[in-house]
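K.L.:
Prediction below, plus the sequence it came from.
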Amino acid sequence: MAYRILLAGGGTGGHIYPLVAVAEELKNPAISSGGEPPEIKFAGSGDLLKQAASEAGFETVLILSSKWRRYFSFQNFVDIFKFPIGFFQALYNIWLFMPDVIFAKGGYASLLPTLAGKIFAVPIVIHESDSIPGKVNVLLGKWARKVFLSFESSKKYFNESKCEVVGNPVRKGLLAGGDKSAALGAFSLNPAKPAVLITGASQGAKKINEVLALALVELTKKFQVIHQSGPKNYDEMNKQVISIIKEGKEIFGSQIQNNYRLYPLLNSNQLALAYAASDVVISRASSQVFEMAAVGKPVIVVPLKDSAGDHQLANAREFAKFGAIVIEEENLTPHILINEIEKAFENRAELSQKIKQLARPDAAKTVAAELLKIISTIPNV
């Protein structure tokens, strides 16, 4: 009988895409030494989890999750009632699937599936992407047999004897964007003009979008822009861009139409092409930077102000050691944005070499091998 592996997470792409990367590696016959491949299932919450898992060919069990916000919100009281419902959903589905090991990515969406697994004495492995871990992963770390980390500085939050620094698992498909000219062609952009990819990760970044709208006329004089606004911000951003084009119809309207491409959310194939097409990438200080490092792109990070535990600012400081340019939100203006893009483009060869040192392309393979190793120690497996 094939062994079973449950991957728990949800919410943002930072919690979901590394799970996909590990799942894809588990399908690799070289990892399982040619044996029968494992049965893999995802568990957690959110449409993005289901979409990402489905695109990669995996089944998902959606479990109602509750989140305790660090600020006053009536939603906290609603979520109190979600907890017992989600808990029994998790218990039932974990019992039904009965995995041999659970790999959890942290975040509130991974808590209940992993808690249910703990009750059934299923071995647990976790991964933490941020330099300052979230509260859920700190808790899960107490139950875990193994704790994988992206940063050395995170060890102090866990039992260091369980920890291994591997970087962040990156989907292999993102490295397959191909030739830059062909990638630009996929977006109907000009191969002779430099391109910038601007992304606020899977949720988008309203502050970055607002500043970009103000900078768009000047920016598109020199650069082409591929912009992932985030699904929630797409309509608002699209309206702003249409308004700017109408306002400057006779002056700069065609300039923006020719040099700007807006998307709510790039799928994995589109993102691979966007990485290949771009000369500079702008992002939040999230785990997505590891993807940019893997493809060797100069990175400008804008850490989310007041993120939980201020982890994005801490991440940004770690990324800066590898050549990432950091702009704090309160300093983000159209002039500074354009100026830093121009600097990054001018120094792209040097910055590309530096950021590549952050990448650890074998992270997903290392995690997958450890999951199989744990399974091999279980009697009758």
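P.N.:
Cool, the structure landed.
K.L.:
Correct me if wrong: Gly56 contacts Glu24.
P.N.:
Just to correct that, residue 56 is Ala rather than Gly. Yes - contact criterion CB atoms under 8 Å: Ala56 and Glu24 qualify, at 6.1 Å. Bear in mind the C-beta positions are built from the backbone N, C-alpha and C, glycine included.
K.L.:
Work out the gap between the strand or helix carrying Ala183 and the centre of the chain.
P.N.:
Assigned by DSSP states H and E, Ala183 falls within helix 180-186. The chain centre lies 24 Å from the centre of helix 180-186; the measure is CA atoms, centre = their mean, to the nearest Å.
K.L.:
Report the buried residues of it.
P.N.:
Lys180, Ala183, Leu184, Ala186 (16 or more other CB atoms under 10 Å).
K.L.:
ok, now stretch 372-380?
P.N.:
Within stretch 372-380, the residues that count as buried by 16+ other CB under 10 Å are Leu372, Ile374, Ile375.
K.L.:
Quick check: which ranges of this protein have low pLDDT?
P.N.:
Applying pLDDT under 70 to the chain picks out residues 1, 32-35, 66-81, 177, 201-204, 307-309, 380-381.
K.L.:
go with 80
P.N.:
Scanning the chain for pLDDT under 80 picks out 1-2, 29-36, 65-83, 176-178, 200-205, 306-310, 378-381.
K.L.:
which stretches of it form strands?
P.N.:
Ranges of strands in the chain, per DSSP state E, are 4-10, 39-45, 59-62, 101-104, 124-128, 146-149, 163-165, 195-199, 224-228, 260-263, 280-283, 299-301, 325-326.
K.L.:
now those in JSON lines, with mean neighbour count?
P.N.:
Putting the strands of the chain into JSON lines (neighbours: other CB atoms under 10 Å) gives the following:
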{"stretch": "strand 4-10", "mean neighbour count": "27"}
{"stretch": "strand 39-45", "mean neighbour count": "25"}
{"stretch": "strand 59-62", "mean neighbour count": "18"}
{"stretch": "strand 101-104", "mean neighbour count": "29"}
{"stretch": "strand 124-128", "mean neighbour count": "26"}
{"stretch": "strand 146-149", "mean neighbour count": "24"}
{"stretch": "strand 163-165", "mean neighbour count": "16"}
{"stretch": "strand 195-199", "mean neighbour count": "27"}
{"stretch": "strand 224-228", "mean neighbour count": "25"}
{"stretch": "strand 260-263", "mean neighbour count": "18"}
{"stretch": "strand 280-283", "mean neighbour count": "26"}
{"stretch": "strand 299-301", "mean neighbour count": "25"}
{"stretch": "strand 325-326", "mean neighbour count": "19"}
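K.L.:
Relative to Phe345, which of these is closest?
P.N.:
strand 280-283 (5.4 Å; CB to CB).
K.L.:
partners of that closest one in the sheet?
P.N.:
Applying DSSP bridges to the sheet, strand 280-283 is found paired with strand 195-199 (parallel), strand 299-301 (parallel).
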